[in-house]
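J.: The following comprises the amino acid sequence and a computationally predicted model.
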Amino acid sequence: MTIVIIGVIYSSVSRIRKQQNEKIKLLSNLSNEIINAQEIERKRLSRDLHDEVGQILTALSLSLELMKKNSNGNGMAEGLDECKSLVKQTITEVRRVTQDLRPIMLDDFGLKTAIIDHAKRFERRTDIEINCENVNDITSIHPDAQTALYRIFIESLNNAYKHANSHFIKVTLEESEAKIKLAIHDDGIGFDSGLDKNYTKAGKGGLGILGMQERIKMFKGDFHIVSSSEGTSIMVELPKTGD
């Protein structure tokens, strides 16, 4: 009788574990589909803003300049200058939003160029020094994996700026025979590194870190965080075969 009871319990536990694993797999697949759908929509919106709205604003700026030349000193010049200044600000903002949605450089020139370009713009905006001397060309990477690494780079910089009070960030991008490695190190105040083991814990940057982890899971990669009062290091490794 005891053996029968043990057998029933074992069978029930096995069935529950199987159901849990199936649910986890389903949630993981759903998460991957959501991330892919987000990237597709980001890319579409970015192209639309760049190709349509950007061109309209540029044409408007040229029209205002032509109106100013033909104003013949009738008092309209100052008002036209103000309008042109507003259009210029709007063009700058549209370009920024376009880059945030989906950087054209990532699609056209690759990960290295996109990282360096964003780092320069980030430096100007935040006064945080970013060292990209060890950001190298990556020759073999799936486009979706390239996007995942770029999003992690962006999120890491944002967290360092918003939460860590950083003054210096070092970015490394390397390729070996089997792996692609991305590392971001900052000199900020750090945060609860327990998030590296428990991604469900709420805290500074927690949602961003969860997003990073989900992206790397898609490519069977490794994601690690080391954080202390002397700074935070985020390290990502992707297998070249992970697509």
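T.: Ah, there it is. Numbering: from 1, shown residues only.

J.: what's the closest non-adjacent residue to residue 179?
T.: In space, and not counting its chain neighbours, residue 179 is closest to residue 237: 5.1 Å by CB to CB, 6 or more residues apart in numbering. Heads up, the C-betas are built off the backbone N, CA and C, glycines and all.

J.: Wasn't the one you found part of a helix?
T.: No: secondary structure assignment (DSSP: H, G, I helix; E, B strand; the rest coil) places residue 237 in strand, not in a helix.

J.: got a list of what the most centrally placed residue in the chain touches?
T.: The C-alpha lying nearest the average C-alpha coordinate of the chain belongs to residue 151 (CA atoms, centre = their mean; 1.9 Å). Listed by CB atoms under 8 Å, 6 or more residues apart in numbering, the contact set of residue 151 reads 211, 212, 215.

J.: try 6 Å this time
T.: Residue 151 makes contact with no residue, according to CB atoms under 6 Å, 6 or more residues apart in numbering.

J.: Please identify which helix or strand holds it.
T.: helix 143-162 (DSSP states H and E).

J.: could you give the angle of whichever helix or strand comes after that helix to helix 143-162?
T.: Sequence order places strand 168-175 as the next helix or strand after helix 143-162, per DSSP H and E. Here the directions of strand 168-175 and helix 143-162 differ by 170 degrees (axes from the mean of the first three to the mean of the last three CA atoms, to 10 degrees).

J.: pLDDT (mean, whole number) over the next helix or strand after strand 168-175?
T.: Downstream of strand 168-175, the next assigned helix or strand under DSSP H and E is strand 179-186. Averaged across strand 179-186, the pLDDT comes to 95.

J.: Next: stretch 156-165.
T.: The average pLDDT within stretch 156-165 is 87.

J.: Need the CA coordinates for it. PDB is fine.
T.: What follows is stretch 156-165, C-alpha atoms only, in PDB (Å, rounded to 0.1, in the frame of the first residue of the first chain):
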ATOM      1  CA  SER A 156      23.000  50.100 -19.200                       C
ATOM      2  CA  LEU A 157      23.900  53.700 -20.000                       C
ATOM      3  CA  ASN A 158      20.400  54.900 -19.000                       C
ATOM      4  CA  ASN A 159      20.600  53.100 -15.600                       C
ATOM      5  CA  ALA A 160      24.100  54.500 -15.000                       C
ATOM      6  CA  TYR A 161      22.800  58.000 -15.600                       C
ATOM      7  CA  LYS A 162      19.500  57.800 -13.800                       C
ATOM      8  CA  HIS A 163      20.400  55.700 -10.800                       C
ATOM      9  CA  ALA A 164      24.100  55.300 -10.300                       C
ATOM     10  CA  ASN A 165      25.400  58.900 -10.400                       C
END
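
J.: As a check, name the ranges of all helices in the protein.
T.: Per DSSP state H, the chain carries helices over the ranges 2-48, 54-69, 77-101, 104-109, 111-126, 143-162, 206-217.

J.: Show residues contacting the shortest one.
T.: Going back to what we said before, that points to helix 104-109. 113, 114, 117, 150.

J.: ok, now the fifth one?
T.: Applying CB under 6 Å, 6+ apart, the contact partners of helix 111-126 are 103, 105-106, 130, 132, 135, 137-138, 146, 150, 153, 157, 161.

J.: got the buried residues for that helix?
T.: 111, 114, 115, 116, 117, 118, 119, 122, 126 (16 or more other CB atoms under 10 Å).

J.: ditto for the shortest one
T.: Counting neighbours by 16+ other CB under 10 Å, one finds that the buried residues in helix 104-109 are 104, 105, 106.
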